[in-house]
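Visitor: Make a model of this:
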Amino acid sequence: MGPLMVQMDGRPEQGLHRPSLPQGGIAVNHRLQVTQLMGQTQLMAFGFELSIAQLGLFLVKTIVG
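Guide: Next up is the predicted model:
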């Protein structure tokens, strides 16, 4: 996790030994935003799959019925 935070931050590794509050806050905040973004994307994909399934069911019912 350490190197990742430094990469996102773009600061030298000295921050690992004594992290300043803003730096840590930025890294944590960034990770939070990324997690939220991924969650939203998964939700959208899930909803999309659901609607496709419903559409398929509707088509099958229409053809069979």
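Visitor: how near is Ile52 to Gln33?
Guide: From Ile52 across to Gln33, the span is 29 Å (Cβ to Cβ, to the nearest Å). Backbone N, C-alpha and C define where each C-beta goes, glycine included.
Visitor: Let me see the mean pLDDT of the helix of greatest length in the chain.
Guide: Longest helix in the chain by number of residues (criterion: DSSP state H): helix 21-64. In this model, helix 21-64 carries a mean pLDDT of 74.
Visitor: same for it, what does it pack against?
Guide: The contact analysis (3 or more Cβ pairs under 8 Å, 6 or more residues apart in numbering; DSSP states H and E) places helix 21-64 against helix 2-9.
Visitor: run the last query once more with 10 Å
Guide: helix 2-9, helix 14-17 (3 or more Cβ pairs under 10 Å, 6 or more residues apart in numbering; DSSP states H and E).
Visitor: what number of residues lie near Thr35?
Guide: 10 (other Cβ atoms under 10 Å).
Visitor: Contacts only, for it.
Guide: Residues near Thr35 by Cβ atoms under 10 Å, 6 or more residues apart in numbering: none.
Visitor: Neighbours of Phe46, how many?
Guide: Using other Cβ under 10 Å: Phe46 sits among 10 other residues.
Visitor: Quick check: the gap between it and Leu32.
Guide: 21 Å.
Visitor: got it, and Leu55?
Guide: For Leu55, the distance to Leu32 - Cβ to Cβ - is 35 Å.
Visitor: Repeat that for Gln54.
Guide: For Gln54, the distance to Leu32 - Cβ to Cβ - is 33 Å.
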